[in-house]
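J.: need the 3D shape of this:
(one chain, ligands or ions: 1)
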Amino acid sequence: MTQIGIVRAMRVYVIVPAAGIGTRMAMSHPASGVLVATGIGAAAPKQFMTIGGVPVLIHSLRAFLAVERVSAIYVAVRASELERMRAHIADFQLDNELLGAKVHVVEGGENRQESVARALAALDAEADDVVLVHDAVRPLISPSTIDRTIDAIVRHGAAIVGLPAVDTIKQVERTADGALVTSTIPRERVVYAQTPQGATYASLKRAFDEAAADEFLGTDEASLLERAGVPVMVVAGSARNFKITQPGDLELAEFYLKRAE
Ligand code: C5P
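T.: Residues are numbered from 1 along each chain as shown. Prediction:
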């Protein structure tokens, strides 16, 4: 008699590295005062600064929770932020109960790659499940882009969101006097890598294990997948999905979010 096994439906996991310590903006941006009012603490890494009273990180999580196929989200934060993160989940799950149901918090590492690796180790995933990684500080990611990235991973095995280059890109050499142009990279051959980036669990885990074994440190997941020989497709991104990095970015994000309402 043939044994018929129960096939479990594919799951989609999301890892959000949010353990960065960039606080430069907190000191230079008036919005940092809003965080003092929460009583959680004044020192605000970018992902905890607020837009319209809502932390940047919570905006990012809401975009993923709007995608029904997302089974669970793992947020990696520094040990000192675990309490603040849990408090935010408790506060904001009043408007979105999925926050409490689908979001898990893990401790991050010394760099982005280590934070993602720790979250990856916490997943109870199977080889064909989809794992997406998204920077906490890109709150304007749209649910439709997330959906297209999941589709691309299901179809091709790995994908990133990328933005076509509109500027001409120069390769340079750093000298004592400044940067010296050495060549021009045809812009049709270049995209800016955004997030989400992801792959099937088996490929992503292998890429991370190989990088760790070789002590390779990359700034995104695709760089690890590329060196592991995994082809990575590009899904069209948007200039709105920028990374909050410098003063002025919070105001720009607020402008876009208000317009979306
Ligand atoms: O610093 P960078 O711009 O590469 O940060 C991208 C994302 O990685 C941010 O969401 C940041 O919080 C996260 N990160 C992390 N662990 C670190 C450093 C950065 O999760 N040790």
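
J.: after the host helix or strand of Ala76, next one along is what?
T.: Using DSSP states H and E, Ala76 sits within strand 70-77. Per DSSP H and E, strand 70-77 leads on to helix 82-92 as the next helix or strand towards the C-terminus.

J.: and that following helix, what does it pack onto?
T.: For helix 82-92, the packing partners by 3 or more C-beta pairs under 8 Å, 6 or more residues apart in numbering; DSSP states H and E come out as strand 54-55, helix 56-65, strand 70-77, helix 98-102, strand 103-107. For glycine as for every other residue, the C-beta is placed from the backbone atoms N, C-alpha and C.

J.: and for that helix, what are the contacting residues?
T.: 18, 40-41, 48, 54-55, 57-58, 75, 77, 99-100, 103, 105, 107 (C-beta atoms under 8 Å, 6 or more residues apart in numbering).

J.: try it again at 6 Å.
T.: Residues outside helix 82-92 that contact it (C-beta atoms under 6 Å, 6 or more residues apart in numbering) are Ile40, Pro55, Ile58, Val77, Leu99, Val103, Val105.

J.: now tabulate those residues in a markdown table and tack on pLDDT.
T.: What follows is those, written out as a markdown table (pLDDT from 0 to 100):
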| residue | pLDDT |
| --- | --- |
| Ile40 | 37 |
| Pro55 | 96 |
| Ile58 | 97 |
| Val77 | 97 |
| Leu99 | 91 |
| Val103 | 97 |
| Val105 | 97 |
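
J.: centre of the chain to the helix or strand harbouring Phe255, how far?
T.: Taking DSSP H and E as the criterion, Phe255 maps to helix 249-260. The chain centroid and the centroid of helix 249-260 are separated by 19 Å, computed with C-alpha atoms, centre = their mean, to the nearest Å.

J.: just the buried residues of it, please?
T.: For helix 249-260, burial by neighbour count (16 or more other C-beta atoms under 10 Å) applies to Asp249, Leu250, Ala253, Tyr256, Leu257.

J.: please apply the same query to stretch 118-130.
T.: Buried residues in stretch 118-130 (16+ other C-beta under 10 Å): Arg118, Ala119, Leu120, Ala122, Leu123, Ala125, Asp129, Val130.

J.: and what of stretch 158-175?
T.: Buried-residue list, stretch 158-175, by 16+ other C-beta under 10 Å: Ala158, Ala159, Ile160, Val161, Gly162, Leu163.

J.: try stretch 126-143
T.: 129-142.

J.: kindly report the same for stretch 60-68.
T.: Ser60, Leu61, Arg62, Ala63, Phe64, Leu65, Val67.

J.: and the first one, how far from Leu98?
T.: The span separating Ser60 from Leu98 equals 14 Å under the rule C-beta to C-beta, to the nearest Å.

J.: lovely, talk soon.
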